[in-house]
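Q: quick one: sequence plus predicted model below, questions after.
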Amino acid sequence: REITPLSPEDSFLVLDRVKESYNFPYHYHPEIEINFIDKGSGYKRMVGDHTGETDYYELVLVGPNLPHCWMNYRETTKKIHEITIQFNQDFFNQAMMKKNVFKTIELLIKESHRGILFSQETAAKLRDSLLNLSKLNSFDSYIEIMKILNVLATSEGRKPLSSSSIDTNLFEENDSMKKLHNYLHA
């Protein structure tokens, strides 16, 4: 289980990185995550029980506690630009998601429990928004994330990745681990 840098006071976190390789182990966390890779052909993607290879653009939504990783494989470029957006689950407030305007986003979040791969067209359409996200102030980035989620929720050609949601022992139910996590976080 990865302990992400997202604090309970944060609604979301945007990580903007240029990487030369992938070497992060197969992991999971309770946060919901969007992963975008710019010019990342040939890396291996593992989400739940799915294994695949990345294309020029990679745009994946990973649901809570769904094991995942990307790793070196047959990559064609040595430098890739990666944007990771992590959300606390309470970002998707249950009362708010029940409103008509958020119904498509609510469905998207439910579908994320299997992981979702978005089409190259959707990834290309959102590329500039995703790459500029870390440059915005917190309120503007919130508005931009809502726009991104709306595009993802209404996009065509999205593909579920894992055959089913992987059942993990819920970290949150383990009192001693919760105490340790809170101590380390503080």
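A: Done, it's in.
Q: verify the stated contact: Ile3 with His29.
A: Yes. Using C-beta atoms under 8 Å, Ile3 is in contact with His29, at 7.4 Å. Heads up, the C-betas are built off the backbone N, CA and C, glycines and all.
Q: residue boundaries of the helices in the protein?
A: Using DSSP state H, the helices assigned to the chain run over residues 94-97, 103-111, 120-132, 138-154, 175-185.
Q: for Ser11, which of those is the nearest?
A: helix 138-154 (6.9 Å; C-beta to C-beta).
Q: the closest one packs against which elements?
A: Judged by 3 or more C-beta pairs under 8 Å, 6 or more residues apart in numbering; DSSP states H and E, helix 138-154 is in contact with strand 12-19, helix 103-111, helix 120-132.
Q: is Ile116 bridged to anything, and to what?
A: Counting by DSSP bridges, Ile116 forms beta bridges with Leu61, Pro160.
Q: isn't it up against Ser155?
A: No. Ile116 is not in contact with Ser155 according to C-beta under 8 Å; the separation is 9.4 Å.
Q: neighbour-wise, which of those two wins?
A: Ile116 (22 against 19; other C-beta atoms under 10 Å).
Q: of all the helices of the chain, which lies closest to Val62?
A: helix 103-111 (11.3 Å).
Q: that closest one - contacts with which helices or strands?
A: helix 94-97, helix 138-154.
Q: those: lowest mean pLDDT?
A: In terms of mean pLDDT, the lowest-scoring of the helices and strands packed on helix 103-111 is helix 94-97 (a mean of 80).
Q: using PDB, write out every CA atom in that one.
A: Output in PDB follows, covering the C-alpha atoms of helix 94-97 (Å, rounded to 0.1, in the frame of the first residue of the first chain):
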ATOM      1  CA  GLN A  94     -22.000  12.000  -2.200                       C
ATOM      2  CA  ALA A  95     -24.700  14.700  -1.900                       C
ATOM      3  CA  MET A  96     -23.100  16.700  -4.800                       C
ATOM      4  CA  MET A  97     -22.700  13.600  -7.000                       C
END
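Q: what's in contact with stretch 44-52?
A: Counting contacts by C-beta atoms under 8 Å, 6 or more residues apart in numbering, the residues outside stretch 44-52 that touch it are 26, 53-54, 58, 60, 62, 66-73, 114-115, 117, 161-166.
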